[in-house]
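A.B. asks: Fold the following for me, if possible:
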Amino acid sequence: MTQYITRQFDELDAICHRFYGRTQGTVETVMAVNRDLSDLMPILPQGLVIELPDLPQPEATETLRIWST
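C.D. replies: Numbers count the residues shown, from 1 in each chain. Just a heads-up that it's a prediction; the model follows:
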């Protein structure tokens, strides 16, 4: 688990995207670990310590191309 200290104008989805490289499945998990976080959103106060849990990497998905280039 990693601790993140918020900066001015931080939003949870942006933090998750920077830290995990995605938001899908991460925002909800971080909110579950930091139960009082939803009371402070959408723009989080500066200096707030957030726990960012270790999450597995998502499984790779195959991309279907419907147009040729």
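A.B. asks: Now Asp36: phi and psi?
C.D. replies: phi -90, psi 0 (degrees, to the nearest 10).
A.B. asks: For the residue nearest the centre of the chain, list the residues it contacts.
C.D. replies: By C-alpha atoms, centre = their mean, the chain has its centre lying nearest to Cys16, at 1.9 Å. Residues near Cys16 by C-beta atoms under 8 Å, 6 or more residues apart in numbering: 22-23, 26-27, 30, 52. To be clear about C-beta, it is placed using only N, CA and C from the backbone, and glycine gets the same treatment.
A.B. asks: Beyond the longest helix seen in the chain, next helix or strand please.
C.D. replies: Ranked by residue count under DSSP state H, the longest helix found in the chain is helix 12-20. Downstream of helix 12-20, the first helix or strand assigned by DSSP states H and E is helix 27-33.
A.B. asks: shaky segments in this protein?
C.D. replies: 60-61, 69 (pLDDT under 70).
A.B. asks: Narrow the contacts of Cys16 to those that are buried.
C.D. replies: With neighbours counted using 16 or more other C-beta atoms under 10 Å, these contain these buried positions: 26-27, 30, 52.
A.B. asks: from what I can see Leu44 touches Leu12, true?
C.D. replies: Yes - here Leu44 reaches Leu12: they are 6.7 Å apart, a contact under C-beta atoms under 8 Å.
A.B. asks: and these two? which has more neighbours close in?
C.D. replies: Leu12 (22 against 19; other C-beta atoms under 10 Å).
A.B. asks: Quick one: residues contacting that one.
C.D. replies: Leu12 touches 27, 30-31, 37, 41-42, 44, 50, counting by C-beta under 8 Å, 6+ apart.
A.B. asks: Ok, Val49 next?
C.D. replies: Going by C-beta under 8 Å, 6+ apart, Val49 touches 3-6.
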